[in-house]
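[1] A predicted structure for the sequence below; I have some questions about it.
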Amino acid sequence: MGRAFEFRKERKFKRWSKMAVQFTRIGKDIVMAVKESGPNPETNSRLRTAMQNAKAVNMPKDRVEAAIKRASDKSMANYEEIVYEGYAPHGVAVLIETATDNTNRTVANVRSYFNKTDGSLGKTGSLDFVFNRKSVFRFVPAEGLDLEELEFELIDAGLEELYVEADEEGNDVAVAQGAFENFGSLQKALEEKGIELKSSKLERIALSHHEVTEEQAADVLKLIDKLEEDDDVQAVYHNMAE
């Protein structure tokens, strides 16, 4: 079988590992949505968003339903959402969104990751000038869809920018971006136009980027990898230039 088989096996394991992390994070999103506004996606926009994101990563329907059922049990505790901010080595800003049932464990783990990679954990709000929170929706453009016309039609709903990017497989994906406070109106406008959303998220967009060398980037990625492997971490953002 040789090296080619080992390479394919390694890629498969990495894909499975990434999928498991995505399922865990979306499962938490579902729980928090249900705890906040109930188990009906028709009346719970946050749950509807989480279910859309679950579908986008092929999360099995039975796992989604199990998460909703668990969250509906009043004896199950909710997760607490906490944001941590700091600097990786070489001055790269890093912001971490977490959802945890044990804040002591989470802060201890996050602090240890920064310490072990020569970074520094900062105070809440210390990176407000580095990142801007945005509403970000991704969808596969239907054949014949006029994106320029769609952009014009979505302006009143809070659209700031509409562009096309390539996903991990190299396929075109349209990205609609708006202000944080316009998440609901923009989501509703897209749904009313019959657009099937691939993902709906509030993301932290870097306002400026920090240049590093290839060797320095490797140091930064050691921290980011450690953070992304933690079960309590929902998302990691940085301002390292690509």
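    Here it is on my side, so go on. Numbers count the residues shown, from 1 in each chain.
[2] in the protein, what secondary structure element scores lowest on mean pLDDT?
    When each helix and strand of the chain is scored by mean pLDDT, DSSP states H and E, helix 2-37 comes last, with a mean of 69.
[3] stretch 78-92 spans what distance, first to last residue?
    End-to-end distance for stretch 78-92, by CA to CA, to the nearest Å: 32 Å.
[4] can you give me phi and psi for Thr117?
    Backbone torsions of Thr117, given as degrees, to the nearest 10, read phi -110, psi 20.
[5] surely Ala206 is in contact with Tyr237?
    Yes. In this structure, Ala206 is within contact of Tyr237 by CB atoms under 8 Å, at 7.1 Å. Where C-beta positions appear, they are placed from N, C-alpha and C, glycine not excepted.
[6] name the residues contacting each of the two.
    Phe131 (CB atoms under 8 Å, 6 or more residues apart in numbering).
[7] let me see the contact set for Ala88.
    Contacts of Ala88 (CB under 8 Å, 6+ apart): 94, 114, 117, 119, 219-220, 223-224, 238, 240.
[8] how much space separates it from Asp146?
    Counting by CB to CB, to the nearest Å, the gap from Ala88 to Asp146 is 42 Å.
[9] Ser45 now?
    27 Å.
[10] and for Glu203?
    Glu203 sits at a distance of 26 Å from Asp146 (criterion: CB to CB).
[11] more neighbours: which of those two?
    Legend: neighbour count by other CB atoms under 10 Å for Glu203 and Asp146, higher for Glu203 (16 against 10).
[12] in contact with the residue nearest to Glu181 when sequence neighbours are not counted, which residues?
    Of all residues not flanking Glu181 in the chain, Gly158 sits nearest, at 7.8 Å (CB to CB, 6 or more residues apart in numbering). Shown in contact with Gly158 (CB under 8 Å, 6+ apart): 135, 178-179, 181-182, 185-186.
[13] which among these end up buried?
    Listed as buried from the contacts of Gly158 are 135, 178, 182, 185-186; burial here means 16 or more other CB atoms under 10 Å.
[14] let me see the ranges of the helices in this protein.
    Ranges of helices within the chain are 2-37, 45-56, 61-72, 103-116, 147-154, 183-192, 214-228, based on DSSP state H.
[15] for the record, mean pLDDT for the second one?
    In this model, helix 45-56 has an average pLDDT of 92.
[16] and it with helix 183-192, angle?
    50 degrees (axes from the mean of the first three to the mean of the last three CA atoms, to 10 degrees).
[17] now stretch 63-71: buried residues?
    Quick answer for stretch 63-71 (16+ other CB under 10 Å): 64, 67-68, 71.
[18] next one: stretch 90-105
    90, 92-100.
[19] from the contacts of Ala88, pick the one nearest Gly27.
    Ile224 (22.2 Å; CB to CB).
[20] low-confidence regions, the protein specifically.
    Along the chain, segments meeting pLDDT under 70 span 1-18.
[21] can we see that at 50?
    Low-confidence segments of the chain, defined by pLDDT under 50: 1-16.
[22] re the thing from before, out of the buried residues of stretch 90-105, which is nearest to Arg25?
    Taking CB to CB as the measure, Ala99 is the one of the buried residues of stretch 90-105 closest to Arg25, at 7.9 Å.
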